[in-house]
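In: A predicted structure for the sequence below; I have some questions about it.
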Amino acid sequence: MRKYNVAILGATGAVGVRMVDQLAKSTIPVKSLKLLASSKSAGKKMKFKDQQVTVEEATPDSFNGVDLVLASPGSSVSARLLPEAVKRGAVCVDNSSNFRMDPKVPLVIPEVNPEQLKNHKGIVANPNCSTIQMLVALNPIREKFGLKQIIVSTYQAAAGAGHAALEEFYRQAQEYLDGKPMEHNILPTGGDKKHYPLAFNLLPQIDVFQEHGYTHEEWKMVHETKKIMLNDMNSPKIKVNATCVRVPVPVAHGETVYFETDDQNVTADQIKKAVDDAPGATLQDDPAHQVYPQPLNAVGKRETFVGRIRPDLENKGSFDMWVVADNLLKGAAWNTVENAEELVKRDLVHVPDDYYKA
């Protein structure tokens, strides 16, 4: 059995730490592991299974001899280093946003469109965390009953904005309880002009605003959904609309998803069964006993949890549901490792002759 030389780029970040853990629990036969990060983190030691691995500074030559790269270092670093890794023969799964909309790069959720992995040119992109959990829940419905329209509102956790934002949120909560002014320097997004506290608050802005008043996060959910489900980021075949909100929850995103099926006669029970039978999805839907997904219960779990599936009583063939997942696991680290597992399973850990060039 072939074993793989693996590198994790961005190993010391919130997602990278979880990638190390998920790789240790995966089915990938690891021959050797490199942990790569910035010069600030070089020299740190991290545990992988029963060994201590020293973190190295990431450079192009770090990828010499590497078969598989799992990456979550931020877009600019991915843009600079992953083509160098591919040039040296490594297949990369990237969690940053840099390659998602590149037509040469497959955007893959293993439960939804794993067949796209065969089209890689050395790089596979992970979708946005909020897109991943929504499509794990919706794909079995689309496959059985078709989809015409999706309207989603997200309730996204502080950790989705990074470790510094999460720490600021915790500090704000204590400052509020102590009757002190809340310091706020990061959210809703570091790239915009103003910042606001998240503790005891809701921020209806994730990423910067774009044309027509939508944020970039909302834009991503629309166009990633179309690319993943229809292989065309601008396809009109499924209408998608998103509103993305940052909420005072540490980890795990929630989403209300309204959708219209092609089959106008489908029932809520049929929808529930389709979700319950689907890979990666766990149905938690028993309103009589107040059973429904909650972020607190999703933390640390790989599954996407789905509940409160109910018909729109005014519009036949339309339904609402509630979807929750750990944004750092299924929304990032686990989806990355799961894609790598699929590459190994399908014998796709090799760079084609027409490999990706920046």
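Out: Sure, I can see it. Residues are numbered from 1 along each chain as shown.

In: what residues go with each domain of this protein?
Out: Domain assignment for the chain by automatic domain parsing gives 4-127+333-345, 131-326.

In: and these as CSV, adding distance to residue 355, mean pLDDT and mean neighbour count?
Out: (Each C-beta comes from the backbone N, C-alpha and C, glycine too.) Output for these, formatted as CSV (distance: least, C-beta to C-beta, whole Å; pLDDT from 0 to 100; neighbours: other C-beta atoms under 10 Å):
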stretch, distance to residue 355, mean pLDDT, mean neighbour count
domain 4-127+333-345, 5, 98, 20
domain 131-326, 21, 98, 18
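
In: From residue 67, how far off is the closest residue to residue 28 other than its chain neighbours?
Out: Of all residues not flanking residue 28 in the chain, residue 344 sits nearest, at 5.5 Å (C-beta to C-beta, 6 or more residues apart in numbering). Noted for residue 344: a distance of 9 Å to residue 67, by C-beta to C-beta, to the nearest Å.

In: shared neighbours, these two?
Out: In terms of C-beta atoms under 8 Å, 6 or more residues apart in numbering, residue 344 and residue 67 are both contacted by the residues residue 4.

In: all helices for this structure, in order.
Out: Counting by DSSP state H, the chain has helices at residues 14-24, 75-87, 129-145, 163-177, 216-230, 268-276, 295-298, 334-345.

In: Could I get the pLDDT score of residue 358?
Out: Looking at residue 358, its pLDDT reads 80.

In: Next: residue 1.
Out: 83.

In: show me the contacts for residue 208.
Out: Residue 208 sits next to 189, 191, 192, 215, 216 when contact means C-beta under 8 Å, 6+ apart.

In: about what we covered before: so can I have TSV of the domains of the chain showing distance to residue 351?
Out: Formatted as TSV, the domains of the chain follow (distance: least, C-beta to C-beta, whole Å):
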stretch	distance to residue 351
domain 4-127+333-345	5
domain 131-326	22
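
In: neighbouring contacts of stretch 158-175?
Out: Residues contacting stretch 158-175 (C-beta under 8 Å, 6+ apart): 13-14, 129-130, 181-187, 189, 197-200, 206, 246, 248-251, 253, 327-328, 331.

In: And it, how far out from the chain middle?
Out: The chain centre lies 19 Å from the centre of stretch 158-175; the measure is C-alpha atoms, centre = their mean, to the nearest Å.

In: got it, and stretch 306-318?
Out: Per C-alpha atoms, centre = their mean, the centroid offset for stretch 306-318 relative to its chain is 26 Å.

In: Now the terminal residues of it, how far apart.
Out: From its first residue to its last, stretch 306-318 covers 16 Å (C-alpha to C-alpha, to the nearest Å).

In: Also stretch 86-106?
Out: 15 Å.

In: again, but for stretch 101-111
Out: Termini of stretch 101-111 sit 20 Å apart (C-alpha to C-alpha).

In: Looking at the contacts of residue 208, which are in strands?
Out: Here DSSP state E is the test, and those give no hits in strands at all.

In: and these as JSON lines, adding distance to residue 101?
Out: Listed next are the contacts of residue 208 as JSON lines, based on distance: C-beta to C-beta, whole Å:
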{"residue": "189", "distance to residue 101": "19"}
{"residue": "191", "distance to residue 101": "18"}
{"residue": "192", "distance to residue 101": "21"}
{"residue": "215", "distance to residue 101": "16"}
{"residue": "216", "distance to residue 101": "11"}
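
In: Identify, from these, the entry nearest to residue 300.
Out: residue 189 (26.5 Å; C-beta to C-beta).

In: Please list all residues in contact with the residue found closest to the closest one once you drop the neighbours it is linked to in the chain.
Out: Once flanking residues are discounted, residue 189 sits nearest to residue 207: 5.4 Å by C-beta to C-beta, 6+ apart. Residues in contact with residue 207 (C-beta under 8 Å, 6+ apart) are 189, 191, 215, 216, 217, 220, 244.

In: go with 7 Å
Out: 189, 215, 216, 217 (C-beta atoms under 7 Å, 6 or more residues apart in numbering).

In: and it, how far is that from residue 217?
Out: According to C-beta to C-beta, residue 207 and residue 217 sit 4 Å apart.

In: Residue 51 now?
Out: For residue 51, the distance to residue 217 - C-beta to C-beta - is 38 Å.

In: Surely residue 31 is in contact with residue 3?
Out: Yes - with contacts counted by C-beta atoms under 7 Å, residue 31 reaches residue 3, the gap being 3.7 Å.

In: which residues does the residue nearest to residue 282 when sequence neighbours are not counted contact?
Out: In space, and not counting its chain neighbours, residue 282 is closest to residue 303: 4.4 Å by C-beta to C-beta, 6+ apart. By C-beta under 7 Å, 6+ apart, the residues touching residue 303 are 280, 281, 282.

In: again with residue 185
Out: In this structure, residue 185 makes contact with 168, 195, judged by C-beta under 7 Å, 6+ apart.

In: can you give me phi and psi for it?
Out: When read as degrees, to the nearest 10, the backbone of residue 185 gives phi -130, psi 0.
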